[in-house]
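Trainee: I would like the atomic coordinates for the input below:
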Amino acid sequence: MIQFLIKGILRDKSRSLLPIIVVSLGVFLTVFMSGWMKGVFGDMIDMNANYTMGHVKVMTRAYADNEAQIPNDLALLDVSELISRLEADYSNMEWVRRIQFGGLLDVPDANGETRAQGPAAGRAIDLLTPGSKEAERLNIPKSIVEGRLPEQQGEVLISNEFAERFAVNIGDDISVMGSTMYGSMVVPTFKVCGTINFGMAMLDRGAIIMDITDAEQAFDMIDAAGEVLGYFKSNIYDDELALAVRDSFNLKYSDESDEFAPVMVRLRDEPSLKQYLNMADNMSAMMVMIFVIAMSIVLWNTGLLGGLRRYTEYGVRLALGEEKGHIFRTIIYEAIIIGSIGSVVGSALGIATSYYLQENGIDFSSMMENVTMMMPTVYRAKVSPELFYIGFIPGLLAMTMGNALAGYAIYKRKTAQLFKELEV
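Mentor: From the prediction side, this is the model:
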């Protein structure tokens with residue numbers, strides 16, 4: 001019987017073409033929007049993890065309470081020993097230390113006098129250790145506009161925007177006016193080896209990137225760090241596993257009575273990121289529900305119109321002795337077949353579009369010049385395994401529900417009226 005129904009669907013285009021188009025469009029939108037939202041939220045989460053939060057982050061309690069102020073006077077001490085313990089306890093993670101700092105970038109002239117100054121937002125990471133992934137994690141190689149990565153101590157990267165504004169060239173000296181972790185003022189001098197442009201206003205206004213050992217010496221932070229970040233070696237954030245690591249660490253090492261005791265937070269603990277993660281988790285389910293309801297209404301109307309056109313056909317079949325239940329079941333079978341065809345077509349279009357945007361993305365940099373949040377300027381979709389089946393949920397469910405609601409009218413047909421209809 002299935003073969004018979006398929007032939008009827010393929011041969012009678014007026015009966016199947018419109019429902020297939022409607023299902024395909026609905027499934028396409030479901031698959032594409034799911035891939036787009038996962039890509040957008042995923043990029044925002046990965047960016048914040050790579051640049052600021054890590055998958056988990058260790059700080060002192062006092063530093064965590066005043067994190068926005070970057071209080072290096074409350075930094076972690078004996079970081080080498082701490083990282084050794086972390087590597088022993090949580091071997092499935094990679095641990096890195098970072099120092100953030102602020103101050104003024106001072107550009108000297110030929111006589112060594114100040115020629116220009118601008119605010120600096122500095123970041124010290126491990127750039128010189130062989131095998132370090134920090135440069136790639138922050139996408140520094142692809143962000144270099146001129147010059148190269150630091151190859152020895154004393155070399156730094158600065159914002160390309162700052163370099164153009166104050167005519168700083170590769171090889172020029174530049175000083176950072178800041179303070180040590182003990183409050184003393186320092187003015188260390190470095191050589192500019194390259195300029196960078198991350199494409200984010202928050203990072204490109206006076207950014208300076210240096211090796212962690214230079215920052216340790218410049219700010220009197222030997223074997224100290226403001227933050228120790230942990231990343232899963234799979235490079236994929238696992239919220240449940242991060243929660244287990246956080247609770248395990250805090251139970252073992254954290255002391256609420258000691259403001260300098262280490263405390264660990266996970267990526268989801270950051271308020272704004274928690275909201276994004278929750279939205280990413282719920283977005284697919286919300287879209288499926290919305291499209292199921294909307295498509296069910298549309299397909300119900302489509303089914304009613306189709307039912308009116310086939311009103312005489314159903315009457316003849318009932319007059320010939322076919323059971324109402326059998327006719328209703330054939331309508332459901334037809335709906336499943338049409339829904340499957342539409343779901344396959346819509347899923348293929350949705351996955352193809354998502355893959356194109358995953359590879360190329362859409363550049364919103366012109367709209368984000370004054371954005372202060374850490375957000376990517378190029379948004380991409382993400383093709384995930386669930387895109388291959390998520391479209392079948394609204395595709396099959398909506399089509400079946402629509403035809404079931406429309407086909408219910410069959411049970412209201414009265415045999416006594418059939419002969420009058422047939423005589424006409």
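
Trainee: how about the helices in the stretch 201-350 of the chain?
Mentor: Listed in chain order, the helices found in the stretch 201-350 of the chain under DSSP state H, counting those that start in this stretch are 201-204, 212-218, 239-253, 271-309, 311-319, 324-360.

Trainee: state the mean pLDDT of the shortest one.
Mentor: The one in question is helix 201-204. Averaged across helix 201-204, the pLDDT comes to 66.

Trainee: which positions in stretch 47-67 come out as buried?
Mentor: Of the residues in stretch 47-67, those scored as buried under the neighbour-count criterion (16 or more other CB atoms under 10 Å) are 47-64, 67. Heads up, the C-betas are built off the backbone N, CA and C, glycines and all.

Trainee: wait, residue 26 touches residue 392, no?
Mentor: No - taking contact to mean CB atoms under 8 Å, the distance of 11.4 Å between residue 26 and residue 392 leaves them out of contact.

Trainee: quick one: secondary structure of residue 123?
Mentor: Counting by DSSP: H, G, I helix; E, B strand; the rest coil, the backbone at residue 123 sits in strand.

Trainee: so which helix or strand of the chain has the lowest pLDDT on average?
Mentor: Taking mean pLDDT, DSSP states H and E as the measure, the helices and strands of the chain show their lowest mean at helix 415-423, namely a mean of 53.

Trainee: who does the nearest residue to residue 99 once chain neighbours are set aside bridge with?
Mentor: Spatially, and ignoring its direct neighbours in sequence, residue 99 is nearest to residue 124 (4.1 Å; CB to CB, 6 or more residues apart in numbering). Going by DSSP bridges, residue 124 is paired in beta bridges with residue 99, residue 210.

Trainee: how close does residue 124 sit to residue 54?
Mentor: According to CB to CB, to the nearest Å, residue 124 stands 15 Å off from residue 54.

Trainee: cool, and residue 16?
Mentor: When residue 16 is compared with residue 54 (using CB to CB), they lie 53 Å apart.

Trainee: from the chain's centre, how far out does stretch 330-340 sit?
Mentor: A distance of 36 Å separates the centroid of the chain from that of stretch 330-340, by CA atoms, centre = their mean, to the nearest Å.

Trainee: same deal with stretch 241-248?
Mentor: Counting by CA atoms, centre = their mean, stretch 241-248 comes out at 21 Å from the chain centroid.

Trainee: show me where pLDDT drops low in the stretch 251-400 of the chain?
Mentor: 271-277, 279-281, 283-284, 287-288, 292, 295-296, 299-315, 363-377 (pLDDT under 70).

Trainee: cutoff 50 now
Mentor: For the stretch 251-400 of the chain, residues meeting the criterion pLDDT under 50 lie at 371-373.

Trainee: who touches stretch 48-57?
Mentor: 93, 96, 137-139, 203, 227-232, 237-238, 242, 245-246, 249, 264-267, 270, 273, 374 (CB atoms under 8 Å, 6 or more residues apart in numbering).

Trainee: just the CA coordinates of that stretch, formatted as PDB?
Mentor: The C-alpha atoms that make up stretch 48-57 are tabulated as PDB, following Å, rounded to 0.1, in the frame of the first residue of the first chain:
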ATOM      1  CA  ASN A  48      35.300  34.900  25.900                       C
ATOM      2  CA  ALA A  49      36.800  31.500  26.900                       C
ATOM      3  CA  ASN A  50      40.000  32.100  24.900                       C
ATOM      4  CA  TYR A  51      40.500  35.700  25.800                       C
ATOM      5  CA  THR A  52      39.300  36.200  29.300                       C
ATOM      6  CA  MET A  53      37.600  33.300  31.100                       C
ATOM      7  CA  GLY A  54      39.100  30.000  30.100                       C
ATOM      8  CA  HIS A  55      36.900  26.900  30.600                       C
ATOM      9  CA  VAL A  56      37.700  27.400  34.300                       C
ATOM     10  CA  LYS A  57      39.700  30.100  36.000                       C
END
